[in-house]
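# Got a sequence here, can you model it:
(chains A and B)
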Amino acid sequence: KAGVTQTPRYLIKTRGQQVTLSCSPISGHRSVSWYQQTPGQGLQFLFEYFSETQRNKGNFPGRFSGRQFSNSRSEMNVSTLELGDSALYLCASSPTPRGDNEQFFGPGTRLTVL
Amino acid sequence: GENVEQHPSTLSVQEGDSAVIKCTYSDSASNYFPWYKQELGKRPQLIIDIRSNVGEKKDQRIAVTLNKTAKHFSLHITETQPEDSAVYFCAASKAGNNRLSFGKGNQVVVIP
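Next comes the predicted model:
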C-alpha cells in the first residue's frame, strides 16, 4: 500500500496570504488528523476528520480550518498568514477514530512565512 | 486537556548501552500510549505502543512500561546502535478519538 502523501512538500508565502495543504491517507483509512510541528512547541494537534466530519479541534485560532472529502482526502487551510505559522505541517491517517490504533504520518509540508 | 511531559530532553549513550526515556501524563482517561521515532528530515514513525490494559510490551530491543497509578510510561532501548540516534516522542490519547498529545521529544545520541 502506498503511504500517506502530502502536497506540496515545501511552500513559501508572505504574511497576510492564505495557503491550502493537501493530505491523501493510506487507502482504506478514513480518519485523518493534522499536526503542527515547530522547534519551540513540538507537535501540536490541529484537528481530526472522519467521514467528512471534524471530530476534534486543537487550540488554534479560527484562521486554521480544514475539511475532508468523500474519498477521505483532507485539506487544511490557513488564512491571513503570520510569521509564527512557519512550521512543518504533518497529517496522519488511521483506519478508524478509535484512538488506540496506529497513526501513520505523511512526510509533511514545510511552510515558511516571510 | 492532556499534558504529556518527557524527560530528559537530550540523552547521550555509548553504543551497546541502554537508553531510557520517561514520560508522564495528566489525564487518567488516557488509554493509548505510542512512541514515535523521528530522524532528521523524516516523518515520525511508530516504534512501539501500549494500551492501558497492559503493563509492559517488548519488541526485540525496544520495550515500553506503563504505570497507570503513577501516570507515567517509559521507553527502554537495549544494545543501542548508531541508527537509534533520533528524536523520540511519547504521546497519549483517549478512547474514541485520534487526538494525540505529544511530549516535547528527546534527542537520543548513540556514540559509536
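
# alpha carbons only for contacts and neighbour counts from here, please
Noted.

# so what's residue 8 up against?
I went with chain A, as the question did not name one. A:Leu21, A:Ser22, A:Thr109 (CA atoms under 8 Å, 6 or more residues apart in numbering or on different chains).

# if you could check chain B rather than the one you did, that'd help
Per CA under 8 Å, 6+ apart, neighbours of B:Pro8: B:Ile21, B:Lys22, B:Asn106.

# mind listing the strands for chain A?
A:5-7, A:10-13, A:19-24, A:31-38, A:42-50, A:53-57, A:64-68, A:74-78, A:87-94, A:104-105, A:109-113 (DSSP state E).

# Let me know the pLDDT of residue 48.
Picking chain A for this. At A:Glu48, the predicted lDDT confidence score is 96.

# ah, no, chain B please
97.

# wait, it sits on B:Glu56?
No: counting by CA atoms under 8 Å, B:Ile48 does not reach B:Glu56; the two are 10.9 Å apart.

# what touches both of the two?
Counting by CA under 8 Å, 6+ apart, the contacts common to B:Ile48 and B:Glu56 are B:Ala63, B:Val64.

# which one of those two has more residues nearby?
Between B:Ile48 and B:Glu56, counting by other CA atoms under 10 Å in any protein chain shown, B:Ile48 is the more crowded of the two (19 against 16).

# between the contacts of A:Pro8, which is closest to chain B?
Of all the contacts of A:Pro8, chain B sits closest to A:Thr109, with 10.5 Å by CA to the nearest CA.

# tell me the contacts of that closest one?
A:Thr109 sits next to A:Gln6, A:Thr7, A:Pro8, A:Arg9, A:Tyr10, A:Leu11, A:Leu21, A:Leu88, A:Tyr89, A:Leu90 when contact means CA under 8 Å, 6+ apart.

# same check, this time on A:Glu102
By CA under 8 Å, 6+ apart, the contact list for A:Glu102 reads A:Ser94, B:Pro34, B:Leu46.

# Could I get those in TSV, plus columns for neighbour count?
Listed next are those as TSV, based on neighbours: other CA atoms under 10 Å in any protein chain shown:
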residue	neighbour count
A:Ser94	25
B:Pro34	24
B:Leu46	18
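
# what number of residues lie near A:Val32?
34.

# what's across from it in the sheet?
Following DSSP bridges, A:Val32 is listed with bridge partners A:Tyr49, A:Ser93.
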